[in-house]
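> got a predicted structure plus its sequence, pasted below:
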Amino acid sequence: MNWQQALSDYKHYLQIERGLSQNSIENYSYDIKKLMLYIESHDIKATPISIETSTVKDFIYSISKTINPRSQARLISGLRNFFDYLIFENYRTTNPLDLIESPRIGRKLPDTLSLSDIDLLINAIDLSYQYNGVNLGERNRAILETLYSCGLRVSELIELKVSDLFFEEGFIKVTGKGDKQRFVPIGASTQKYITIWMGIRNHIDVQSESKDILFLNFKGKKLTRAMVFTIIKQLVEKTGLKKNVSPHTFRHSFATHLLENGADLRAIQMMLGHESITTTEIYMHVDRSHLSEVLNKYHPRK
């Protein structure tokens, strides 16, 4: 088995067996392609079945000079998963990553925006902005309001469908990682902004493959992840906000603000679509002062 065949089979496995999104599959593939490039550039005669720990160690050592510890840990994890797959398929009996330790890294706390930061960014949107006769200002406001009020991943936002909107019930249906679906509450104000955008969207010549997609570009096609990043980046520059802001920052802020206002961690887990509550628990570390206030207010022996 050569590297290209192994990678192709692995991608198929990730898609069919694990139900990962195309974006996640490409991230996994990127790690393996780096190893393939290293082997090729150093003229190493090693296949996915024959490669030894020493070769993988040399590769990781060479690449560790150009990436930070967190990226290095992710790379090691990605390669370990790949070779676990080969063992699962009986191509190998051992994993060359078993004796390779990941670098110790601290738990990274998510960046968050204050409510005033979010208002600043949303208020900076030019609601009259049009391109080719399409009002994209109203679309951009609806996008940011949805990101923040529903705590969506950017991949979930761009895949959100018109048929996923259940405004009468006060929910939207979100398709998350592994095509797992969940219902997330949506407030009246966000419904209002989406409805305004829907009135504009109804006059766009929507491409056939995007007929049910909620947020479109002026050509009537589904937005890309990069476009959503660009919209936010431009607003950050416009406002002069001195923070590193991405679409995921709105998701972090959504969870943090809910916790600060007394929301149950299990409820936050369900709304975020986290498979494990340990992932959600990272928000417990964001605002320790709030936790102290809760203890002082509710504990009988404060």
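Yep, that arrived. These figures come from a predicted structure and were not determined experimentally.
> buried sites along stretch 170-177?
171, 172, 174, 175, 176, 177 (16 or more other CB atoms under 10 Å). Where you see a C-beta, it was placed from the backbone N, CA and C, and this is true even at glycine.
> for residue 16, state which of these is nearest.
residue 177 (15.3 Å; CB to CB).
> name the nearest residue to that closest one, sequence neighbours excluded.
residue 21 (6.5 Å; CB to CB, 6 or more residues apart in numbering).
> now residue 217
Residue 217 sits nearest to residue 223 (CB to CB, 6+ apart), 5.8 Å away.
> could you do residue 244 as well?
Per CB to CB, 6+ apart, closest to residue 244 is residue 111, 5.8 Å.
> where exactly do the helices run in the stretch 151-300 of the chain?
Remark: helices assigned in the stretch 151-300 of the chain by DSSP state H, counting those that start in this stretch are 154-159, 188-201, 225-239, 247-260, 265-272, 277-280, 288-298.
> determine which of the ones you listed shows the lowest mean per-residue pLDDT.
Confidence, taken as mean pLDDT, is least for helix 288-298 of those (a mean of 57).
> how about the residue nearest to residue 176 when sequence neighbours are not counted, what does it touch?
Leaving aside its chain neighbours, residue 176 sits nearest to residue 273 (4.0 Å; criterion: CB to CB, 6+ apart). Counting by CB atoms under 8 Å, 6 or more residues apart in numbering, residue 273 makes contact with 153, 156, 174, 176, 177, 180, 182.
> what about 10 Å?
Taking CB atoms under 10 Å, 6 or more residues apart in numbering as the contact definition, residue 273 lies against 151-153, 156, 174-178, 180-182, 184, 279-280.
> quick one: which of those residues is nearest to residue 48?
After measuring the contacts of residue 273 against residue 48 - CB to CB - the closest member comes out as residue 178, at 24.9 Å.
> what's the neighbour count on that closest one?
12 (other CB atoms under 10 Å).
> kindly report the same for residue 199.
Residue 199 has 11 nearby residues by other CB under 10 Å.
> which residues touch it?
With CB under 10 Å, 6+ apart, residue 199 has these contacts: 135, 138.
> ranges for the strands of the stretch 51-200 of the chain?
130-131, 134-135, 165-166, 171-175, 181-185 (DSSP state E, counting those that start in this stretch).
> can you list these in CSV and add distance to residue 208 and mean pLDDT?
As requested, the strands of the stretch 51-200 of the chain are exported to CSV (distance: least, CB to CB, whole Å; pLDDT from 0 to 100):
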stretch, distance to residue 208, mean pLDDT
strand 130-131, 22, 89
strand 134-135, 18, 90
strand 165-166, 20, 96
strand 171-175, 20, 92
strand 181-185, 24, 91
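> need those in CSV (columns: distance to residue 210).
Putting those into CSV (distance: least, CB to CB, whole Å) gives the following:
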stretch, distance to residue 210
strand 130-131, 17
strand 134-135, 14
strand 165-166, 16
strand 171-175, 15
strand 181-185, 20
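> show me what contacts the closest residue to residue 15 other than its chain neighbours?
Of all residues beyond its chain neighbours, the one nearest residue 15 is residue 25 (6.0 Å), with distances taken as CB to CB, 6+ apart. Counting by CB under 10 Å, 6+ apart, residue 25 makes contact with 10, 11, 12, 13, 14, 15, 18.
> check which helix or strand covers the third one.
Per DSSP states H and E, residue 12 falls inside helix 3-16.
> now for that helix, which elements pack on it?
helix 22-41, helix 69-88 (3 or more CB pairs under 10 Å, 6 or more residues apart in numbering; DSSP states H and E).
> now those in JSON lines, with mean pLDDT and distance to residue 196?
As requested, the helices and strands packed on helix 3-16 are exported to JSON lines (pLDDT from 0 to 100; distance: least, CB to CB, whole Å):
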{"stretch": "helix 22-41", "mean pLDDT": "90", "distance to residue 196": "29"}
{"stretch": "helix 69-88", "mean pLDDT": "89", "distance to residue 196": "40"}
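> most tightly packed of the ones you listed?
helix 69-88 (a mean of 17; mean count of other CB atoms under 10 Å).
> mind saving the C-alpha coords of it as PDB?
C-alpha atoms of helix 69-88 as PDB (Å, rounded to 0.1, in the frame of the first residue of the first chain):
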ATOM      1  CA  PRO A  69       3.600  23.300  20.800                       C
ATOM      2  CA  ARG A  70      -0.100  23.300  20.400                       C
ATOM      3  CA  SER A  71       0.100  22.700  16.700                       C
ATOM      4  CA  GLN A  72       2.800  20.100  17.300                       C
ATOM      5  CA  ALA A  73       0.400  18.300  19.700                       C
ATOM      6  CA  ARG A  74      -2.400  18.400  17.100                       C
ATOM      7  CA  LEU A  75      -0.100  17.000  14.400                       C
ATOM      8  CA  ILE A  76       1.000  14.100  16.600                       C
ATOM      9  CA  SER A  77      -2.700  13.400  17.500                       C
ATOM     10  CA  GLY A  78      -3.600  13.400  13.800                       C
ATOM     11  CA  LEU A  79      -0.900  11.000  12.800                       C
ATOM     12  CA  ARG A  80      -1.700   8.700  15.700                       C
ATOM     13  CA  ASN A  81      -5.300   8.500  14.500                       C
ATOM     14  CA  PHE A  82      -4.100   7.700  11.000                       C
ATOM     15  CA  PHE A  83      -1.900   4.800  12.100                       C
ATOM     16  CA  ASP A  84      -4.600   3.600  14.500                       C
ATOM     17  CA  TYR A  85      -6.800   3.300  11.400                       C
ATOM     18  CA  LEU A  86      -4.200   1.200   9.600                       C
ATOM     19  CA  ILE A  87      -4.100  -1.100  12.700                       C
ATOM     20  CA  PHE A  88      -7.900  -1.300  12.700                       C
END
